[in-house]
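Undergrad: what's the 3D shape of this:
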Amino acid sequence: MPEYVSVVFNIPLKRDFLYRNPEGPAASVGCRVEAAFGRRKAIGWVIGSGDDCPIDSAKVKPWLRLIDDQPLFGPTSLALARWLAGMYFCSLGEALAIMLPSGKKEPASPAQAFDSVEIAAQAITASAEQQAALAYILSIPDGRCYLYGPTGTGKTEVFLQAAEATLAEGRGVIYLVPEIALTHQVIEAVRQRFGKQCAVLHSGLSPAKKLGEWRRILAGEARVVVGARSAVFAPLPKLGLIVLDEEHETSYKAGNTPRYHGRQVAMYRAVTENARLLMGSATPSVESWQAMEAGQLAKLSLSRRLAGGAMPSIEIVDMRLEGRTLSKRLIEAVRTVKAAGGQSILFLNRRGFAYFWSCKSCGAELKCRQCSVGLTYHKEKGRLICHYCGYSAEPPRSCPACGSLEAGWSGFGTERVAEEAAALFPDLSLARLDSDTVSHKGVLEHTLQEFKAGRIDLLLGTQMVAKGLNFPGVQLVGVILADTTLNLPDFRAAERAFALVTQVAGRAGRFNPGGRVIVQTYRPHSPVIRRAAAHDTVGFYADELAVRRELGFPPFARLIRIVLRAKEAEQADQAANQLAERLIRAGQAYGNAIEVLGPAECPIATLAGNARRQILLRGQLVSQIRQLLSHALTDFKLPSACYCEIDVDPVSLM
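TA: This next block holds a predicted model:
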């Protein structure tokens, strides 16, 4: 039995700690132990063992408790964690913490997640396009390819049949979806197709259930893993295929340290484990589209809606000529669809009742006390709420600055639209889906079941109604305001706006011709809106790539974003200036290959009471940028009141 073990903890220290194996069962590499760490107890991961002790052995303490009797990870997962730590500037312990389940006790029956699955569903007969795509995918045992096609053209079935063929080869499958809540139908399709061979991994599972599923995967009982971003770390013994569904979605990017991207991790695993990587979307990310255009990524296309529907007609309505939230055209269309026995979806990417308060007398605005953003009025709760930090307050009866009664709200969210729709359509059954209404367990699933059964005529909501829904009765989609994403000061704003309009439009007419989409906008001449309305995907990407090339943004450059935050603005400024100076000096060794942009205020300059400053590093090779940043951070001491966030390949600069 080895005398010592090396342990890492979920802390931002890039080192391991030595402990002694006490009498009894030894801690194997891959297991967790509880150990004394400073003045507290902490749970860590054993990453090595041996009999050598490079320090005074009398100072080495024994660990206190062995948590796992069997390892949670092996050499492949440990190598992945080391790559993750190096790529995304975190410690090995932080990388393992994001990869592995934290449950301390497995559930009595890990397979209980499949109680609702009675028999596995059978594959349907594929179309000629699907068969051609599948033949190409299976012709390569590894490598990358992209399945592109409008919504409703059968991408999911190709994914599932590719998964079946990979299982027949004796290899395992990871099927990634952007968000469990928004892709419920896809999850069910995977589970029904593969039954008890399928394991589900996502943040909604309890730690114990997640650990149970993890153990099933390690044991080879589950050979298909379906889940959101973190499922990309599933420890399949012989990985053969990774499916990245809705590849363009920003939810594949982690928002906390380590800020990894599921697509990047999937690419790494596919290369190092000789697996296929199959991505797909109706609206590929600009990076993936460019890779397909350049021949770096095999493009497989689907063009025909398989359920008998056709691409819907899309009409743009100029809201500058309208006097209310819902235009005359949209109101008329909802009534027409109802009379014909169809259903409608209304989409607005903004929750709450109203989002902008101002005084007409003095011009004062109501903003969050802790963030540099406006407060949103939630009428049902009778509160003003910040959607960034959660701060809430009672709405004022008069202007807090001057006492004037000439003050009020403008702008609108789903709550207000629902109120107006209920008044306009008293004979229609209406349901609203946003994060306010689905906070209670089961509400989302129940509402979608009711909508599928035809008991809801009009479904209103945020992104929850824009993606992953496949219902035969939907004949009309109304985009209440297409401008919300376009107005953001971010280089991906146009890409997100195009994707949202295209994706939500794809909910209409999937099973029958005659689907309609009405897009309401205050910018009817926007090229982004017009390209989406014309189903002109090729034209949009050509426009966007030209802009990105001119401005030097991805995919024509790689970025690393550094955000420094502190309670006091002066402290944030000082730290940002000092780091920028070090970066500029270190960058001289790279000539003009790397640009240091900033420091500057973040677009949201204050968040949760912290002043935020950002520095951007831009260059052609991310390896060079990482080397530069690593060099600049060597011996750099942040003030104790400051915190540094490093984001490699950011998806947002907000």
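Undergrad: okay, CA-based contacts and neighbour counts for the rest of this
TA: Fine.
Undergrad: give me phi/psi at residue 149?
TA: Backbone torsions of residue 149, given as degrees, to the nearest 10, read phi -180, psi 150.
Undergrad: ditto for residue 579
TA: When read as degrees, to the nearest 10, the backbone of residue 579 gives phi -70, psi -40.
Undergrad: just give the nearest non-adjacent residue to it, would you?
TA: Leaving out its chain neighbours, the residue that sits closest to residue 579 by Cα to Cα, 6 or more residues apart in numbering is residue 632, at 7.4 Å.
Undergrad: buried residues in the helix or strand hosting that neighbour?
TA: Per DSSP states H and E, residue 632 falls inside helix 622-633. With burial defined by 16 or more other Cα atoms under 10 Å, the residues of helix 622-633 counted as buried are 622, 624, 625, 626, 628, 629, 632.
Undergrad: for it, packing partners?
TA: strand 558-566, helix 569-587, strand 610-619 (3 or more Cα pairs under 8 Å, 6 or more residues apart in numbering; DSSP states H and E).
Undergrad: centroid-nearest residue for this structure?
TA: Most central in the chain under Cα atoms, centre = their mean is residue 251, positioned 0.5 Å from the mean C-alpha point.
Undergrad: re the thing from before, I'd like to know which of the helices and strands packed on helix 622-633 lies nearest to residue 49.
TA: If you check each of those against residue 49 by Cα to Cα, strand 558-566 wins as the nearest, at 35.5 Å.
Undergrad: what's the angle between the closest one and strand 610-619?
TA: 160 degrees (axes from the mean of the first three to the mean of the last three Cα atoms, to 10 degrees).
Undergrad: the inter-axis angle of strand 558-566 versus helix 622-633?
TA: 30 degrees.
Undergrad: if we look at strand 558-566, which residues are touching it?
TA: The contact list for strand 558-566 (Cα atoms under 8 Å, 6 or more residues apart in numbering) reads 553, 572, 575-576, 610-622, 625, 641-650, 653.
Undergrad: ok so, going back, from residue 398, how far out is the residue nearest to residue 579?
TA: Separation of residue 632 from residue 398 (Cα to Cα, to the nearest Å) stands at 51 Å.
Undergrad: same question, residue 235
TA: Residue 235 is 59 Å from residue 398, by Cα to Cα.
Undergrad: who's more crowded, those two?
TA: residue 235 (26 against 14; other Cα atoms under 10 Å).
Undergrad: how much space between residue 74 and residue 29?
TA: Distance from residue 74 to residue 29, by Cα to Cα: 8 Å.
Undergrad: follow-up on the earlier one: quick one: the residue nearest to residue 579 and residue 582 touch, right?
TA: Yes: taking contacts as Cα atoms under 8 Å, residue 632 lies within contact range of residue 582: 5.6 Å.
Undergrad: which residue, other than its chain neighbours, is closest to residue 207?
TA: residue 103 (4.1 Å).
Undergrad: count of neighbours near that neighbour?
TA: Neighbours of residue 103 using other Cα under 10 Å come to 15.
Undergrad: quick one, what contacts residue 102?
TA: In this structure, residue 102 makes contact with 207, 208, 211, judged by Cα under 8 Å, 6+ apart.
Undergrad: from those residues, which is closest to residue 348?
TA: residue 207 (33.8 Å).
Undergrad: that older thread, dump the helices and strands packed on helix 622-633 into a markdown table; add mean pLDDT as well.
TA: Below are those laid out as a markdown table (pLDDT from 0 to 100):
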| stretch | mean pLDDT |
| --- | --- |
| strand 558-566 | 97 |
| helix 569-587 | 95 |
| strand 610-619 | 96 |
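Undergrad: in JSON lines: these, plus distance to residue 282 and mean neighbour count.
TA: Converted to JSON lines, the helices and strands packed on helix 622-633 look like this (distance: least, Cα to Cα, whole Å; neighbours: other Cα atoms under 10 Å):
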{"stretch": "strand 558-566", "distance to residue 282": "24", "mean neighbour count": "23"}
{"stretch": "helix 569-587", "distance to residue 282": "40", "mean neighbour count": "19"}
{"stretch": "strand 610-619", "distance to residue 282": "29", "mean neighbour count": "24"}
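Undergrad: so which of those gets nearest residue 394?
TA: Shortest distance between residue 394 and the helices and strands packed on helix 622-633, using Cα to Cα, is found for strand 610-619: 23.0 Å.
Undergrad: one step back: which one of residue 74 and residue 29 is surrounded by more residues?
TA: The residue with more neighbours, out of residue 74 and residue 29, is residue 29; 21 against 15, by other Cα under 10 Å.
Undergrad: show me the helices in the stretch 1-150 of the chain, by range?
TA: 75-87, 92-99, 128-139 (DSSP state H, counting those that start in this stretch).
Undergrad: adding distance to residue 203 as columns, could you present those in a markdown table?
TA: Shown next, in a markdown table, are the helices of the stretch 1-150 of the chain (distance: least, Cα to Cα, whole Å):
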| stretch | distance to residue 203 |
| --- | --- |
| helix 75-87 | 19 |
| helix 92-99 | 11 |
| helix 128-139 | 30 |
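Undergrad: okay, the ones you listed, which one's buried deepest?
TA: Of all the helices of the stretch 1-150 of the chain, helix 92-99 has the most neighbours on average by mean count of other Cα atoms under 10 Å, namely a mean of 23.
Undergrad: so which elements touch that helix?
TA: Helix 92-99 packs on strand 4-9, strand 40-50, helix 75-87, going by 3+ Cα pairs under 8 Å, 6+ apart.
Undergrad: parallel or antiparallel, list what pairs with the second one.
TA: Here strand 40-50 is paired, per DSSP bridges, with strand 4-9 (antiparallel), strand 32-37 (antiparallel).
Undergrad: mind listing what's buried along the last one?
TA: Read that as strand 32-37. Buried residues in strand 32-37 (16+ other Cα under 10 Å): 32, 33, 34, 35, 36.
Undergrad: just the closest of these to residue 319, please.
TA: Using Cα to Cα, residue 32 comes nearest to residue 319 of the buried residues of strand 32-37, at 58.6 Å.
Undergrad: my guess is the closest one meets residue 46, correct?
TA: Yes: Residue 32 lies in contact with residue 46 (Cα under 8 Å); the separation is 6.1 Å.
Undergrad: circling back: using CSV, lay out the helices and strands packed on helix 92-99 together with distance to residue 327 and mean pLDDT.
TA: Output for the helices and strands packed on helix 92-99, formatted as CSV (distance: least, Cα to Cα, whole Å; pLDDT from 0 to 100):
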stretch, distance to residue 327, mean pLDDT
strand 4-9, 56, 96
strand 40-50, 57, 96
helix 75-87, 49, 97
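Undergrad: out of those, which comes closest to residue 67?
TA: Of all the helices and strands packed on helix 92-99, strand 40-50 comes closest under Cα to Cα, at 8.7 Å.
Undergrad: and stretch 33-40, how far out from the chain's middle?
TA: Per Cα atoms, centre = their mean, to the nearest Å, the displacement of stretch 33-40 from the mean C-alpha position of its chain is 34 Å.
Undergrad: can you give the contact residues for it?
TA: Applying Cα under 8 Å, 6+ apart, the external contacts of stretch 33-40 come out as 27, 41-46, 62-68.
Undergrad: filter these down to the buried ones, ChimeraX style.
TA: Of the contacts of stretch 33-40, the buried ones can be selected in ChimeraX as follows, counting by 16+ other Cα under 10 Å:
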select :27,43,44,45,46,62,63,64,66,67
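Undergrad: need the contacts of stretch 33-40 in a markdown table with distance to residue 337, can you?
TA: Below are these laid out as a markdown table (distance: Cα to Cα, whole Å):
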| residue | distance to residue 337 |
| --- | --- |
| 27 | 65 |
| 41 | 62 |
| 42 | 60 |
| 43 | 58 |
| 44 | 59 |
| 45 | 58 |
| 46 | 61 |
| 62 | 71 |
| 63 | 67 |
| 64 | 67 |
| 65 | 64 |
| 66 | 63 |
| 67 | 59 |
| 68 | 58 |
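Undergrad: show me where pLDDT drops low in the stretch 401-550 of the chain?
TA: 467-469, 509-511 (pLDDT under 70).
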